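**Student:** sequence below, structure please.
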Amino acid sequence: MLERLNQALDHLEACLDREVDVAEGARIAAVSEYHFRRLFSALAGMPLPVYVRRRRMTLAAADVLAGELTLLDVAVRYGYGSGEAFARAFRSVHGIGPGEARRMGGVLTAQPRMSFRVVVEGSTTIRYRIVEKEAFRVVGRKARVPLVHEGLNAAAAAHVESLDEQAIATMKELSDREPEGILSAAAYLTDRREEGAEADYWIGVATSPETAADKLDALDVPAGTWAVFDNHGPYPHALQELWRDVFTQWFPSNPYATRPGPELLRTRPVEIGEDTDSQLWIPIERSSGNAGA
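**Tutor:** Below you'll find the model as predicted:
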């Protein structure tokens, strides 16, 4: 699969002087466009549109400094209909406008061409099982939080602290299916997965689709296939490593792709740094490509 992802990156690179066909890139990678965007974001640490813009502005900077084309010609060459739009994109990457860069020079920012490769580290294994699950409902409390890749997520922790005892007791009474007990659910608002991107963060329980939420919030989850990953280690570091390994190692090595839906986490609360057992549920579907091809 990594070979196909790199072929898709070759396609994107060839399209930097015109509109990028992301759907074609996904076809080359043999995954859905939705999964292609999410997989790229997880592997690269930035959304696909950000990478494309940075690569375009890296190439455009060379043309700006060469001085052989007018700034408008450079703008048109890289798909911008006006000098103003090009200047905004240029400044967002380099911190200065193209006119200033041409007249005075200055420090510019280059985005290297990206490629993916497998790095083997020790004998790490990922324990998982595949579960076919009927439709269910998550009932609990919701908050919008930013993603944090390392360390404590203060916004998520504050949301947990805000829960009153009555709400927690009600949730526990409603829990009647896997994953059992109090869990968290992350519903991503876009395909962006970089640090700071926002998600709806739920603390609740899995229960029947017919369960009344009353004074709690409800998230209806359709039937589908889930990959379930078991984890043990220091909180929250081990969990953050698990999320990273699932997207950078497990998905590229297995014939599955993510599908829309919340990611569920059941973990035993402990102090930061203490070991705990956790279980991560990710909605998946069979991929049209062959793993490792």
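**Student:** which element, helix or strand, includes residue 231?
**Tutor:** Residue 231 is part of strand 224-234, with elements assigned from DSSP states H and E.
**Student:** which of the residues in the helix or strand following that strand are buried?
**Tutor:** The helix or strand immediately downstream of strand 224-234 is helix 237-245, counting by DSSP H and E. Within helix 237-245, the residues that count as buried by 16 or more other Cβ atoms under 10 Å are 238-239, 242-243, 245. The C-beta positions use only the backbone N, C-alpha and C, and glycine is treated the same way.
**Student:** again with stretch 91-98
**Tutor:** Within stretch 91-98, judged by 16+ other Cβ under 10 Å, the buried ones are 93-94, 96-98.
**Student:** ok, so of those residues, who is nearest residue 268?
**Tutor:** Distances from residue 268 to those, taken as Cβ to Cβ, are shortest for residue 93 (43.9 Å).
**Student:** and that closest one, what does it touch?
**Tutor:** Residue 93 makes contact with 53-54, 57-58, 109, 111 under the criterion Cβ atoms under 8 Å, 6 or more residues apart in numbering.
**Student:** ditto for residue 181
**Tutor:** When the contact criterion is Cβ under 8 Å, 6+ apart, the partners of residue 181 are 172, 175, 205, 266.
**Student:** quick one: it from residue 173, how far?
**Tutor:** Plainly put, residue 181 is 12 Å away from residue 173 if you go by Cβ to Cβ, to the nearest Å.
**Student:** and for residue 19?
**Tutor:** Between residue 19 and residue 173 the computed distance is 53 Å (Cβ to Cβ).
**Student:** who has more neighbours, those two?
**Tutor:** More crowded of residue 19 and residue 173, by other Cβ atoms under 10 Å: residue 173, with 10 against 7.
**Student:** element containing the nearest residue to residue 236 once chain neighbours are set aside?
**Tutor:** Distances taken as Cβ to Cβ, 6 or more residues apart in numbering put residue 152 closest to residue 236, at 6.4 Å, once the chain neighbours are dropped. Using DSSP H and E, residue 152 sits in no helix or strand.
**Student:** which strands and helices lie in contact with the host helix or strand of residue 65?
**Tutor:** Take DSSP H and E as the rule and residue 65 turns out to sit in helix 48-66. Using 3 or more Cβ pairs under 8 Å, 6 or more residues apart in numbering; DSSP states H and E as the contact test, the elements touching helix 48-66 are helix 2-14, helix 33-44, helix 71-77, helix 83-94, helix 98-104.
**Student:** repeat that with 6 Å
**Tutor:** helix 71-77, helix 83-94, helix 98-104 (3 or more Cβ pairs under 6 Å, 6 or more residues apart in numbering; DSSP states H and E).
**Student:** which residues does residue 7 contact?
**Tutor:** Shown here is residue 7, whose contacts under the criterion Cβ atoms under 6 Å, 6 or more residues apart in numbering are residue 28.
**Student:** circling back: closest to residue 30 out of the contacts of residue 181?
**Tutor:** Among the contacts of residue 181, residue 266 lies closest to residue 30 (Cβ to Cβ), at 32.0 Å.
**Student:** and the helix or strand harbouring the closest one with helix 237-245, angle?
**Tutor:** The secondary structure element spanning residue 266 is strand 263-267 (assigned by DSSP H and E). Interaxial angle, strand 263-267 versus helix 237-245 (axes from the mean of the first three to the mean of the last three Cα atoms, to 10 degrees): 150 degrees.
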